[in-house]
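S.K.: Next come a sequence and a model predicted from it.
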Amino acid sequence: MLTALSIRDVVLIQALDLTVEPGLTALTGETGAGKSIVLDALGLALGARADAGLVRRGADLAVCTAVFSLAPDHPAFSVLDAKGLLADGGDEVILRRQVSADGRSRAYVNDQPTSVGVLRELGALLLEVHGQHDAVGLMDARTHRGLLDSYGATMAAVQICRARWGEWRTALGLAEALRARVAQDAAEAEEISLRLAELDRLDPKPGEEAALADRRALLGSSEKIMDDIVAAQEAFTAGQLAQRLAQAARALQRALDRVTSSGRGGAAQPDGGGGQTSAVQKLSDAAAAVERALIETDEASSALDLAAEVFVFDPASLEKTEERLFALRAAARKLNVAVEALPQQRIKLAEALRSLETADADLAAADAQAKSAEVAYWTAARALSEARKAAAARLSKAVETELKPLKLERARFHVAVDALEPDRAGPDGADRVAFQVATNPGAPFGPLGDIASGGELARFALALKASLAARSTASGEAGATPVMIFDEVDQGVGGAVADAVGLRLRGLAQTAQVLVVTHSPQVAARADTHWRVSKSISAEATTTAITLLDQMSREEEIARMLAGAQVTDAARAAARELMA
């Protein structure tokens, strides 16, 4: 709700600070006193067009500040959050607009600079103006579908429709993605097949590059290695090492035989002492050592021969190894991967080729899913349309019932629910909803804002609001109802019609905050709060002021509205009766 309005130097208002109460607030006063200035100032704070003419003569700056207190779940907070304009704690939203004498304008939300567009966006959520020259909220055809859904309790069907729409769009997106992938894969199929065939022929193995590189290095050095082995073999041959070792072995064996035979014949023991047994042992050890050397020499010679066989230089083997290594590296460069990754790349290409074989089936399944989701969406959309048409009939009847007491008994009201073109359907269904009126018998229905005259427009809005509010009250629904302003909704009516207007405004004020600019005592008498707008003229300036009326002042003001310039006791008595 609107809790406070502060105005500085706007047209005829020098300084004004108003505390706005809940319920129904009436603004009354003589014609030309400046009641519309208050509404202009409030509109300024909510993003209305500004110009230098709003600045009071002699002032440099016009400022208007509107303070709203909102429920925590009010949609305005989502806008503030998205714009980074949330205040720290509390439920207040402060909108302020400044207009300088040169026409420049500045906008603020919660004391943070912003654009006029943000004020206007918030204003659409916080305020509705219904009058002879203003049509905000109900007159905007873009709001009609949401209002009908709220009235007809079709939001559950709307939620189902939104869910089916989301499922349909998701399924379509998946199908389109698959279609694009199939097209791309098909274009690359030949290349994938060629690359895979090349890898199949190549048959790369894990770790093969390192093994080939080692073998290549070994084969490249084998000629020189063979020269060294040959030199070693020649050293064995040239030195006749085995022959000499054999001679040494035979000589030691003869010596051993002599020692043994001399011992049997009783000859004297050899010089050096130690006995015959010691001499035999030493000769035996020497003979054994020479024998081992001879054996090792034979083994070394055989090992040299084996090594020579391994390192025989083979140009053909080197060329073959290099060709294999170069083929692997060329394939890796072509695929832009490391040689070690070729086996895995081969697997990936095979999988891609298999994917091509199943892509058509996958796409067909995705298309079938999308078609099924489309059918489900249109089933939900048609059910929603039927529910809306039923609600439209009820709302049309309810509004026409409200029109009769408002001196619009010859007017007709119709809620049109028309099918949109299929390509314009959306998450909220496939319906165009429009509030239409015909003010004269036989006249065709037309848009509410185009057909109704200024005074009729406000009364149509009042009838609509009364019907919508009655439905919300009956169903126990609560919503983020904005502040409603009715500007001279009672223009051109009086008596019972004016009383009917006041009664409906009073009913609206039970669930919303309503401000009404009125010349009708029947309307003013039903207000919870009563402001009187007055204008004072002096030699220096003309100013507008607003006074909050107490019970006695209200009686006097309503009596003035009844009697005119001369307030009589009869008028005061009539005022008391109206207020009662």
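M.R.: Ah, there it is.

S.K.: From now on I want contacts and neighbour counts done on CA atoms only, so please keep to that.
M.R.: Noted.

S.K.: Need the three-state assignment for the spatially most central residue of the chain.
M.R.: Nearest to the geometric centre of the chain sits residue 82, at 11.7 Å (C-alpha atoms, centre = their mean). Following DSSP: H, G, I helix; E, B strand; the rest coil, residue 82 is assigned to helix.

S.K.: how close does it sit to residue 76?
M.R.: 10 Å (C-alpha to C-alpha, to the nearest Å).

S.K.: still on that earlier bit, ok, now which ones touch the residue nearest to the centre of the chain?
M.R.: If you count contacts by C-alpha atoms under 8 Å, 6 or more residues apart in numbering, residue 82 has none.

S.K.: what's the burial count for the residue lying closest to residue 61 once chain neighbours are set aside?
M.R.: Residue nearest to residue 61 in three dimensions, not counting chain neighbours: residue 100, with 4.4 Å by C-alpha to C-alpha, 6 or more residues apart in numbering. Other residues lying near residue 100 total 19 when counted by other C-alpha atoms under 10 Å.

S.K.: pretty sure residue 100 contacts residue 60?
M.R.: Yes - using C-alpha atoms under 8 Å, residue 100 is in contact with residue 60, at 5.8 Å.

S.K.: what's downstream of the one helix or strand residue 326 maps to, the next helix or strand?
M.R.: Assessed by DSSP states H and E, residue 326 sits inside helix 315-335. Using DSSP H and E, the next helix or strand after helix 315-335 towards the C-terminus is helix 342-403.

S.K.: What's the first helix or strand after that next one?
M.R.: Sequence-wise, the next helix or strand downstream of helix 342-403 (DSSP H and E) is strand 412-419.

S.K.: Looking only at that next one, what residues are buried by neighbour count?
M.R.: Using 16 or more other C-alpha atoms under 10 Å as the test for burial, strand 412-419 gives 412-417.

S.K.: same thing with stretch 316-328?
M.R.: Residues 318, 321-322, 324-325, 328 are the ones in stretch 316-328 that count as buried (16+ other C-alpha under 10 Å).

S.K.: Same list, those residues, but as a markdown table with pLDDT and distance to residue 191 please.
M.R.: Supplementary listing: the buried residues of stretch 316-328 in a markdown table, determined by pLDDT from 0 to 100; distance: C-alpha to C-alpha, whole Å:
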| residue | pLDDT | distance to residue 191 |
| --- | --- | --- |
| 318 | 72 | 33 |
| 321 | 79 | 28 |
| 322 | 81 | 27 |
| 324 | 84 | 23 |
| 325 | 84 | 23 |
| 328 | 87 | 18 |
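
S.K.: quick one: which of those residues is nearest to residue 525?
M.R.: Ranked by distance to residue 525 (C-alpha to C-alpha), these are led by residue 328 at 98.3 Å.

S.K.: quick one, what contacts the closest one?
M.R.: By C-alpha under 8 Å, 6+ apart, the residues touching residue 328 are 202, 204, 209, 339.

S.K.: Can you pick out the most distant pair from those?
M.R.: Largest separation among the contacts of residue 328 by C-alpha to C-alpha: 202 and 209, giving 12.6 Å.

S.K.: okay, these two: which has more neighbours?
M.R.: Between residue 202 and residue 209, counted using other C-alpha under 10 Å, residue 209 has the larger neighbour count: 18 against 15.

S.K.: Leaving out chain neighbours, which residue sits closest to residue 92?
M.R.: Using C-alpha to C-alpha, 6+ apart, the closest residue to residue 92 is residue 69 (4.6 Å).

S.K.: What is the burial count for that neighbour?
M.R.: Counted with other C-alpha under 10 Å, residue 69 comes out at 15.

S.K.: swap in residue 58?
M.R.: Other residues near residue 58 come to 9 when the count uses other C-alpha under 10 Å.

S.K.: Against which helices or strands is the host helix or strand of residue 280 packed?
M.R.: Remark: residue 280 resides in helix 275-310, with elements defined by DSSP H and E. The helices and strands touching helix 275-310, judged by 3 or more C-alpha pairs under 8 Å, 6 or more residues apart in numbering; DSSP states H and E, are helix 208-239, helix 241-265.

S.K.: which one of those lies closest to residue 346?
M.R.: The closest of the helices and strands packed on helix 275-310 to residue 346 is helix 208-239. By C-alpha to C-alpha, the value is 14.8 Å.

S.K.: what's the closest non-adjacent residue to residue 560?
M.R.: Per C-alpha to C-alpha, 6+ apart, closest to residue 560 is residue 567, 5.4 Å.

S.K.: Identify the residues contacting that neighbour.
M.R.: Per C-alpha under 8 Å, 6+ apart, neighbours of residue 567: 556, 559-560.

S.K.: distance of it from residue 489?
M.R.: Distance from residue 567 to residue 489, by C-alpha to C-alpha: 25 Å.

S.K.: again with residue 551
M.R.: 24 Å.

S.K.: out of the two, which sits in the more crowded spot?
M.R.: Shown here are residue 551 and residue 489; by other C-alpha under 10 Å, residue 489 has more neighbours (30 against 12).

S.K.: Helix, strand, or coil at that one?
M.R.: Assigned with three-state DSSP, residue 489 falls in the coil class.

S.K.: From what I see, it and residue 518 are in contact.
M.R.: Yes - the criterion here is C-alpha under 8 Å, and residue 489 meets it with residue 518 at 7.1 Å.

S.K.: Any regions of the stretch 301-450 of the chain where pLDDT drops low?
M.R.: Across the stretch 301-450 of the chain, the ranges flagged by pLDDT under 70 are 309-314, 449.

S.K.: about what we covered before: any idea how far the residue nearest to residue 92 is from residue 507?
M.R.: Distance, residue 69 to residue 507, using C-alpha to C-alpha: 22 Å.

S.K.: circling back: will you turn the buried residues of strand 412-419 into TSV that also has distance to residue 305?
M.R.: Listed next are the buried residues of strand 412-419 as TSV, based on distance: C-alpha to C-alpha, whole Å:
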residue	distance to residue 305
412	120
413	116
414	113
415	110
416	108
417	104
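
S.K.: If anything else comes up later, I'll come back, but that's it for now.
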